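# Just to be clear, the model below is a prediction. Sequence and coordinates:
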Amino acid sequence: MSIIIAYIGKKGCVMASDKRKIAYFGNKNEREELESELYSGNIRNDEELYKEAAKRDLTLKITDDTHKIKKIGTAVMGEVSTKTTMEVKRKRIYGTTNGYQIIELVGSTLTSKDKGASGIIIFGNKIAKSIANPLVKERWKSNISLKYMGDIFEEIIKEIADKTPSVGREVDVLIGKDDSLTPTTAQEYLDKTEDRDKRLLEKYRNQLTEELTKANESMEITSRLINEGNIGRISNINGKILNVVLENNVEAYDTNWKLLSKPNEEVIMLLDKDNDGNIIDEDDVSNFVSIDDKVIIKDGNLCIEKNNISLNCNIVLCNTK
């Protein structure tokens, strides 16, 4: 979590955020202790942060290209998130003319919601907020434009970045306004905006879950790939097309990891070239292969055991679980 500063009122909404993201790699307890030091203000710049991480045998990846605010219609949404090994906790603010809503999510499940018509809202860690609050109070003027407010917020974020590496100097500023909205209609508009955004989040999470499931499945199947061993026996010959009955511990998948044949079921293979690389004529097939010949994988090569003649197939052969 770094920082988001937002103004919401009758003029509209202006929101500013830094773009910093810090990823920690290493021992969980050491990570938590380093974050505690960082957010308490004891670490003052990037150099000190890297030095403290090295002392704890932690690796850091710091980037300043993460967009934490976005425009949705005539509203602006800002989000800070905290990731654990089990879930992602998100805190969001939606703002437009005459209204804002603050929600908290675990995954895509809503856990709390607050709303109002106007105010200055600051999301951030302990040290970032402690620096931001007096700066905002000092520089705030009620008669300035949204554009000028955005400039002030950007200057404040950059000043905070000079005092803590938890905040970066790259800043996004967005404005959302709709002069037709009243405090009542603004909340109705934000309800619809939030609901639409939440559905998109659920769709994204479901898609991500599906992709991760497929990736895990492919990794599991890949771990069972056969690089050496018995595959099966030839049960039928039709020209250069061979039917092969799989061994009782072998199964076949297509290239999308869909199961095609179980143990003791047939797969199709093709006889193509001899060991000198010459294309085998259909009339000569009997010189190379016979019913009940054993098919194996030897040194990664799918072939007939008795003569090492290679076979072609567009399937993936694996051991059973």
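On my side now, so go ahead.

# going forward, measure contacts and count neighbours with C-alpha atoms only.
OK.

# Check the gap between residue 106 and residue 40 for me.
From residue 106 across to residue 40, the span is 25 Å (Cα to Cα, to the nearest Å).

# before we move on, what about residue 129?
11 Å.

# Those two: which has the busier surroundings?
residue 129 (19 against 15; other Cα atoms under 10 Å).

# Name the single longest helix found in the chain.
Ranked by residue count, the top helix of the chain under DSSP state H comes out as helix 183-222.

# Mind giving me the packing neighbours of that one?
On a contact count with 3 or more Cα pairs under 8 Å, 6 or more residues apart in numbering; DSSP states H and E, helix 183-222 meets strand 88-96, strand 99-106.

# Name whatever forms a beta bridge with the residue nearest to residue 102 when sequence neighbours are not counted.
Computed as Cα to Cα, 6 or more residues apart in numbering, the closest residue to residue 102 that is not its neighbour in sequence is residue 93, at 4.4 Å. Bridge pairing for residue 93 (DSSP bridges) gives the partners residue 78, residue 102.

# Next, count neighbours for residue 93.
Residues within reach of residue 93, counting by other Cα under 10 Å, total 25.

# ok, it to residue 14 distance?
12 Å.

# swap in residue 176?
Distance from residue 176 to residue 14, by Cα to Cα: 6 Å.

# who's more crowded, these two?
In this view residue 176 and residue 14 are compared by other Cα under 10 Å, and residue 14 has more residues nearby, 29 against 23.

# Can you show me the helices along this protein?
Secondary structure of the chain, counting by DSSP H: helices at 28-40, 46-55, 126-139, 146-161, 183-222.

# which of those helices sits most buried?
Looking across these with neighbours counted as mean count of other Cα atoms under 10 Å, the highest average goes to helix 146-161: a mean of 20.

# Need the CA coordinates for that one. CSV is fine.
Provided in CSV are the C-alpha atoms of helix 146-161 (Å, rounded to 0.1, in the frame of the first residue of the first chain):
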residue,chain,number,x,y,z
LEU,A,146,-10.0,20.7,-9.9
LYS,A,147,-7.0,21.0,-12.2
TYR,A,148,-5.1,23.0,-9.6
MET,A,149,-6.1,20.6,-6.8
GLY,A,150,-4.6,17.8,-8.9
ASP,A,151,-1.4,19.7,-9.2
ILE,A,152,-1.2,20.3,-5.5
PHE,A,153,-1.9,16.6,-4.8
GLU,A,154,0.9,15.6,-7.2
GLU,A,155,3.3,17.9,-5.5
ILE,A,156,2.4,16.5,-2.1
ILE,A,157,2.9,12.9,-3.3
LYS,A,158,6.4,13.8,-4.7
GLU,A,159,7.3,15.4,-1.3
ILE,A,160,6.2,12.2,0.5
ALA,A,161,8.3,10.1,-1.9
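
# chain center to it, what's the gap?
Distance of helix 146-161 from its chain centroid, counting by Cα atoms, centre = their mean, to the nearest Å, is 30 Å.

# What of stretch 102-119?
Centroid separation for stretch 102-119 versus its chain: 23 Å, with Cα atoms, centre = their mean.

# do stretch 246-261 as well
For stretch 246-261, the distance from its own C-alpha centre to the chain's C-alpha centre is 30 Å (Cα atoms, centre = their mean).
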